[in-house]
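Asks: This is a predicted model, with the sequence first.
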Amino acid sequence: MSTPTVHRGLAGVVADTTGISSVNPDTNSLTYRGYAVQDLAEHCRFEEVAHLLWHGELPTAEQLAAQDAEERGLRALPPDLVGLLLALPPTAHPMDSLRTAVSVLGANDPGEDDNSPAANHAKSLRLFAALPAAVALTQRRRRGLLPLEPRADLGYAENFLYMTFGEVPEPAIVRAFEISLVLYAEHSFNASTFTSRVVTSTLSDLYSAVTAAVGALKGPLHGGANEAVMATLAEIGSADRVEGWLSRALAEKRRIMGFGHRVYKHGDSRVPTMRAALGEVVEARGGEDLLAMYEALASAMLREKGLHPNLDYPAGPAYHLMGFDTPTFTPIFVAARITGWTAHIAEQLARNSLIRPTSLYTGPAERRVGRGAPPAPRAAAEDGSPARRVR
Ligand SMILES: CC(=O)SCCNC(=O)CCNC(=O)[C@H](O)C(C)(C)COP(=O)(O)OP(=O)(O)OC[C@H]1O[C@@H](n2cnc3c(N)ncnc32)[C@H](O)[C@@H]1OP(=O)(O)O
Ligand SMILES: O=C([O-])CC(=O)C(=O)O
């Protein structure tokens, strides 16, 4: 009688095939539809990467112009949604506002339950276009500022920054921001993407899948780590305090946010590109002290724990120096990852199979209400393996 192997956290489990991206820990590489992410970050606008993820190919000039025209026309939030977001408690985390925004956009879409490829592509583009306005609104509101209307004369990244800050920053900042969006766009079966696929597999609607994915991304072991990195750096304070802080933190068995990864064990493929972008931001905006602390913590973590930084580690300080408030960092990740999530939702639907793993039962053995002593405990797998008596 064999006991089924339990894969806690689904670590190492190949749950399905995907043609969207490939994470290769052996070569520290990441490709989107076959293109290295570094190549895309260097040469492409974020809008082109979105097209690539959705359609499998980079757009021609005509295709890009058509997508741009449509996206720019969908950037504004419906007024009732703006009112609703402004009515949320000022203490609400921007991720909660964003989750609500996606949910409300779904509730207002008469085609919400149309899961045809065309309808879902239209919804994907709508969310892609509208999320920056929701993110910008939450940051402006925290600062007591009114939301701004989007500008159709600007590219996606420039307009995002304009709606947040009221002006388009210098090109170095726009470029670094756009690079971060490309790097954050897609990463195979990470927790939030897998969440979106689980919800989709029940034939629920795209907005529900994305709402659930936002919830999964919020956690500090996933996307929430970019905010937690900034909290860590603020707690440490300066490069000369890193060593003392880290020995105390490790003695207390604390997790150091922005380090480690479920798949990459020799370094995150995206970090060198984002570290270079952070360097450009420091050139443009200052922040040498923050960078020195960043480097000191990275070296100490490698020495003490053998752990490398993940993408959230350079992204956090880069967003900080660009002027974003810390609670806006994970919402930016959402705005980028909406491309990957929606590509996966389409892929899941195209070859759907309900996602429902099994478990090994370890609770009380079968018993009866109020009658006699319980029988000896048993453990049984749900997958049909024979029940196993444990003593
Ligand atoms: C874009 C992204 O979502 S990237 C991920 C962002 N998340 C973070 O940065 C959070 C911090 N990192 C972590 O918590 C982890 O590295 C994870 C969750 C990302 C991946 O971890 P897993 O592969 O599941 O490994 P797991 O959590 O089992 O850790 C293995 C060991 O390394 C240790 N470890 C892993 N990461 C860290 C860390 N950041 N700080 C301290 N110790 C760590 C664990 O404590 C554990 O040690 P133990 O075996 O002595 O108990
Ligand atoms: O792949 C993961 O587990 C987490 C991650 O890096 C991402 O989602 O970008």
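Replies: It's in. Ligands and ions are numbered 1, 2, ... in the order given.
Asks: Which residue ranges of the stretch 251-391 of the chain form helices?
Replies: 271-285, 288-305, 312-322, 329-350 (DSSP state H, counting those that start in this stretch).
Asks: Return the mean pLDDT over the second one, rounded to an integer.
Replies: Right, helix 288-305. Across helix 288-305, the average pLDDT comes to 98.
Asks: relative orientation of it and helix 271-285 in degrees?
Replies: 160 degrees (axes from the mean of the first three to the mean of the last three C-alpha atoms, to 10 degrees).
Asks: does the closest residue to residue 214 other than its chain neighbours count as helix, strand or coil?
Replies: Nearest residue to residue 214 in three dimensions, chain neighbours excluded: residue 99, at 4.4 Å (C-beta to C-beta, 6 or more residues apart in numbering). Using the backbone N, CA and C atoms, a C-beta is placed for each residue, glycine as well. At residue 99, secondary structure determined by DSSP: H, G, I helix; E, B strand; the rest coil is helix.
Asks: Residue 99: what's it in contact with?
Replies: Contacts for residue 99 (C-beta atoms under 8 Å, 6 or more residues apart in numbering) come out as 211, 214-215, 218.
Asks: mind giving me the domain split of the protein?
Replies: The chain breaks down into these domains under automatic domain parsing: 15-225+320-350, 227-317, 362-391.
Asks: Quick one: distance of the second one to the chain centre.
Replies: On the basis of C-alpha atoms, centre = their mean, to the nearest Å, domain 227-317 sits 19 Å off its chain's mean C-alpha point.
Asks: quick one: whichever residue of the stretch 201-350 of the chain sits closest to ligand 2 from residue 117, how far?
Replies: Of all residues in the stretch 201-350 of the chain, the one sitting closest to ligand 2 is residue 262 (4.7 Å; C-beta to the nearest ligand atom). Distance of residue 262 to residue 117, computed by C-beta to C-beta, to the nearest Å: 31 Å.
Asks: do residue 191 as well
Replies: 25 Å.
Asks: the more surrounded of these two?
Replies: Taking other C-beta atoms under 10 Å, residue 191 and residue 117 do not tie; residue 191 has more neighbours (17 against 10).
Asks: my guess is that one meets residue 224, correct?
Replies: No - contact between residue 191 and residue 224 fails when scored by C-beta atoms under 8 Å: they sit 11.0 Å apart.
Asks: joint contacts of these two?
Replies: Contact criterion C-beta under 8 Å, 6+ apart; residues shared by residue 191 and residue 224: residue 217.
Asks: Would you mark the buried spots in the strand or helix carrying residue 177?
Replies: Secondary structure assignment for residue 177, by DSSP states H and E: helix 171-184. For helix 171-184, burial by neighbour count (16 or more other C-beta atoms under 10 Å) applies to 173-184.
Asks: The residue in the stretch 251-391 of the chain that ligand 1 sits nearest to: how many residues sit nearby?
Replies: Of all residues in the stretch 251-391 of the chain, the one sitting closest to ligand 1 is residue 260 (2.2 Å; C-beta to the nearest ligand atom). Residues lying near residue 260 (other C-beta under 10 Å) number 19.
Asks: need the contact list for residue 200.
Replies: By C-beta under 8 Å, 6+ apart, the contact list for residue 200 reads 206, 209, 344-345, 348-349, 352.
Asks: Please give me every residue in contact with residue 222.
Replies: With contact taken as C-beta under 8 Å, 6+ apart, residue 222 is in contact with 190-192, 216.
Asks: mind running it again at 6 Å?
Replies: Residue 222 is in contact with residue 191, counting by C-beta atoms under 6 Å, 6 or more residues apart in numbering.
Asks: does it count as helix, strand or coil?
Replies: Note that with three-state DSSP, the state of residue 222 is coil.
Asks: Any regions of this structure where pLDDT drops low?
Replies: In the predicted model of the chain, residues 1, 371-391 satisfy pLDDT under 70.
Asks: Spell out which parts of it neighbour ligand 1.
Replies: 9, 221-223, 225, 255-262, 305, 307, 310-312 (C-beta under 6 Å from any ligand atom).
Asks: Contact residues of this protein facing ligand 2?
Replies: Within the chain, the positions near ligand 2 by C-beta under 6 Å from any ligand atom are 187, 190, 262-263, 310-311.
Asks: Counting neighbours, which of these comes out on top?
Replies: Result: residue 311 is most packed of the residues of the chain next to ligand 2 (other C-beta under 10 Å), 26 neighbours.
Asks: ok, now how distant is that one from residue 239?
Replies: Computed as C-beta to C-beta, the residue 311 to residue 239 distance reads 22 Å.
Asks: ok so, going back, now for the helix holding residue 177, which elements pack on it?
Replies: helix 37-43, helix 46-55, helix 156-165, helix 271-285, helix 329-350 (3 or more C-beta pairs under 6 Å, 6 or more residues apart in numbering; DSSP states H and E).
Asks: separation between whichever residue of the stretch 1-150 of the chain sits closest to ligand 2 and residue 190?
Replies: At 6.5 Å from ligand 2, residue 23 is the closest residue in the stretch 1-150 of the chain, using C-beta to the nearest ligand atom. For residue 23, the distance to residue 190 equals 9 Å [C-beta to C-beta].
Asks: Helices along the stretch 51-200 of the chain, start to end?
Replies: 61-72, 79-87, 94-107, 117-142, 156-165, 171-184, 191-201.
Asks: now those in a markdown table, with distance to residue 50?
Replies: As requested, the helices of the stretch 51-200 of the chain are exported to a markdown table (distance: least, C-beta to C-beta, whole Å):
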| stretch | distance to residue 50 |
| --- | --- |
| helix 61-72 | 8 |
| helix 79-87 | 22 |
| helix 94-107 | 17 |
| helix 117-142 | 6 |
| helix 156-165 | 8 |
| helix 171-184 | 9 |
| helix 191-201 | 15 |
